[in-house]
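>>> Give me a 3D structure for the following:
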Amino acid sequence: MNFKLGIFSPLIILAVLFTILTLSLFNNKYEEEKSLLKVKDEVLLATQISQLVHELQRERGFSAGFVSQNNHYKKLLKIQRIETDEKIKQLDDFLKSTKDDAFTKHIFSSIQNSLKKLDEISLIRELIDKDRLPIEAILDYYITLNKMFLNITFDISKFSQIPIITQNLIAYSHFLYLKEYMGRERAFGVNVINIIKMSPSIKMHFHKLLIKEELYKELFFKYASHNAIEYYHKSFQSPSIKEVTKIRKDILNMTKNTKIDIIVDEWFLNITTQIDILKDIDDYLSNEIMNNIEQQQNNLIKDISSFILLNFFSLITFISMIVIIINLVQREKNLKNLIDKYVITSTTDLKGVITDVSQAFSNISGYKKSELIGKHHNIVRDPSMNKNTFREMWYTIQSGNTWYGNIKNRNKDGSFYWVYAIVSPLYSYGKKIGYSAIRQDVTSKKKILELNLKLEEKISLEVEKNRQKDKQLIEQSRLAQMGEMLSMIAHQWRQPLNAISFSSAGLELKAQLGKANSDIVLESAQNISENVQYLSRTIDDFKDFFKPQKEKQLISCTQVIKKTLKIISPSLQHKNIEIIEELNMQEMLYTYNNELQQVILNILQNAVDVLVDKQIEKPSIKITTFFKDNSYIIEIEDNGGGISADNIEKIFNPYFSTKLEKEGTGLGLYMSKMIIEDHCLGKLSVKNINDGAIFEIKLQNLEE
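Numbers count the residues shown, from 1 in each chain. Predicted coordinates for the structure are as follows:
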């Protein structure tokens, strides 16, 4: 009996919750329906107010015209007052037909205040007929009255709880303000046109009216539906629109010294036509809101129908759940058996004495459950396991936290195994009663990690060997380049040494003949001094060439090339090789100056060797620099016939050389590529072009 009650207790609770939820949802739908009906009454009120405001706007316009031109608008004003009174009566009848609680207290209070202001209209009309009220006071009364009514429509939009209706009402209220300001413009325009002299304050007031019209139009567009905006644009196709715009410009162009000839009737007729168009849009918007309310009501009916149908299916589902839960109880039992068989778990008391273990724990440890339960958990501890790990674990779980980590355990047969353990405090009714642990066998993973460590050691050794090998390559390359440099130095020193020797021998001979006077000695000494200085400058040019450079420098590629050419130019001149310079790049960059100079010199020397070996008739080397796509580019081109297809793909390989007969090391271009791409973070490439080969050095600015 207790077993069955234990199974069905959650179902009883679920049934109670389901009933409560159902009643709550029905209540929500009922409240939503009440809200829709209330909104519907408020929208009808807004429609009545809009119709009344429209007639009050017309009466305001005719009143302004009557006061400005006396009897010209008298008949029209009389007819308009009758139409206004009809709308007042319709509003009064609507308010009497609605229930007392149809509107909020705030809206009801606003209606009462507006009606009280409306009661003053009889007195205002009487004063207008007797011409005892200035036009400013007339406009102020109608503006204040309309503003009070329009504020009610705006308040209605704030109390709606249905998003789409709220948005429609906000758009509608902004539209009514737009229409109101255009009505004010009509009345004020009549007054302005009849003014003999335009003052800045009057012009400013008229301009503000136009600004507010644009403001409320933008607000209307912001919240109105796409269809409403489309209807608005479609409606404003009347020729009167252009005429109103023209008259507005004329009014704004009026000054205190000039008066533009504008006919009042023309202004009044055109802007009234425009306001009547707005009245049509007003009707469209109110119909749109009512259609949306009806759509919401229809949707509500559909929701209720769907809810009833859903409840029916829920009842069927509820019955099915009873059957499912019975099956789940059996599955839970099976799942416990699976966990017991395959998941390594255990529980202990607060002292670490085992109170329960899974069959999987028993299997991996080699102990029977009966041999484990009642024993301290260190029965499976491997002696080689670091004791600090267990101290950390006990500190963590005794502090109420969960401990994670790898543990090495000992099997009953003496072998070991590794587990990843998660140990947590075990609570009962908020009181800690022991600890539970779940483990994963990671013995195989540990073995793989050990293999990986050994493999990493081997890789590190190989990487170090390769590093040493690269150092040897670099040293070999430096020695080879130093040999070439010494050859260049020897070539450059030969001529000045000969000159020094010649001057010295000549001086000695003249001394022996007794002809060595002071002028001859000074001339010979000066000649020897100039040649010694030349030798010194040559040493200065070469001494820093191979010095390692750890810091980046701000350099100009043009300066680097000029400096390199200064070193190799005597060799080029001796071999009649023409140097063509097209150094078009003035941009500066941060890079490694000495390394770049070594690369350029290496490429130039290779070009010289090719031109000499092939005995080119008019040998030349062209050096070009330019800046492109954020890259600093140096191109070195020769006319030595290019590189063969077999060799061009291997030319940057270590120990590959096309001049073995000259004992070439095959390291120059390999090291050049390493310098440019690994050290300078650039790119070194080669291709055949025209009648030679062109090496391209592409550099990046290494500025941090």
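
>>> and the host helix or strand of Y417, how far from the chain's centre?
Using DSSP states H and E, Y417 sits within strand 416-428. Once both centres are worked out by Cα atoms, centre = their mean, to the nearest Å, strand 416-428 turns out to sit 44 Å from its chain's centre.

>>> And stretch 391-410, by the same measure?
44 Å.

>>> Pull out the buried positions in that stretch.
M393, T396, I397, W403, I407, K408, N409, R410 (16 or more other Cβ atoms under 10 Å). The way it works is simple: take the backbone N, C-alpha and C, and place the C-beta from them, glycine included.

>>> Secondary structure class of Q48, three-state.
helix (DSSP: H, G, I helix; E, B strand; the rest coil).

>>> so what's it up against?
K87, Q90, L91, F94 (Cβ atoms under 8 Å, 6 or more residues apart in numbering).

>>> could you flag which of the residues you listed are buried?
Taking 16+ other Cβ under 10 Å as the criterion, what is buried in the contacts of Q48 is K87, L91.

>>> Can you add pLDDT, secondary structure and distance to L150 and give the contacts of Q48 back as TSV?
Formatted as TSV, those follow (pLDDT from 0 to 100; DSSP: H, G, I helix; E, B strand; the rest coil; distance: Cβ to Cβ, whole Å):
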residue	pLDDT	secondary structure	distance to L150
K87	91	helix	15
Q90	92	helix	17
L91	89	helix	14
F94	89	helix	17
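
>>> helix or strand right after the helix-or-strand element of the chain with minimal mean pLDDT?
In the chain, the helix or strand scored least confidently by mean pLDDT, DSSP states H and E is helix 518-543, which has a mean of 62. Going down the chain from helix 518-543, the next helix or strand is strand 553-556, by DSSP H and E.

>>> got a list of contacts for that following strand?
Identification of contacts with strand 553-556 by Cβ under 8 Å, 6+ apart yields Q586, M588, L589, Y590, T591, Y592, N593, L596.

>>> got the residue ranges for the helices in the stretch 201-350 of the chain?
226-235, 239-253, 264-342 (DSSP state H, counting those that start in this stretch).

>>> Let's have the ones you listed in JSON lines, adding distance to K208 and mean pLDDT.
Output for the helices of the stretch 201-350 of the chain, formatted as JSON lines (distance: least, Cβ to Cβ, whole Å; pLDDT from 0 to 100):
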{"stretch": "helix 226-235", "distance to K208": "23", "mean pLDDT": "91"}
{"stretch": "helix 239-253", "distance to K208": "12", "mean pLDDT": "82"}
{"stretch": "helix 264-342", "distance to K208": "17", "mean pLDDT": "79"}
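
>>> Just put those helices in JSON lines and tack on mean neighbour count.
JSON lines is the format used below for the helices of the stretch 201-350 of the chain (neighbours: other Cβ atoms under 10 Å):
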{"stretch": "helix 226-235", "mean neighbour count": "13"}
{"stretch": "helix 239-253", "mean neighbour count": "15"}
{"stretch": "helix 264-342", "mean neighbour count": "14"}
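
>>> rewinding a little: just the buried subset of the contacts of strand 553-556, please.
By neighbour count, with 16+ other Cβ under 10 Å, the contacts of strand 553-556 hold M588, L589, Y590, T591, Y592, N593, L596 as buried.

>>> how about the third one, phi and psi?
Same thing as Y590. phi -90, psi 120 (degrees, to the nearest 10).
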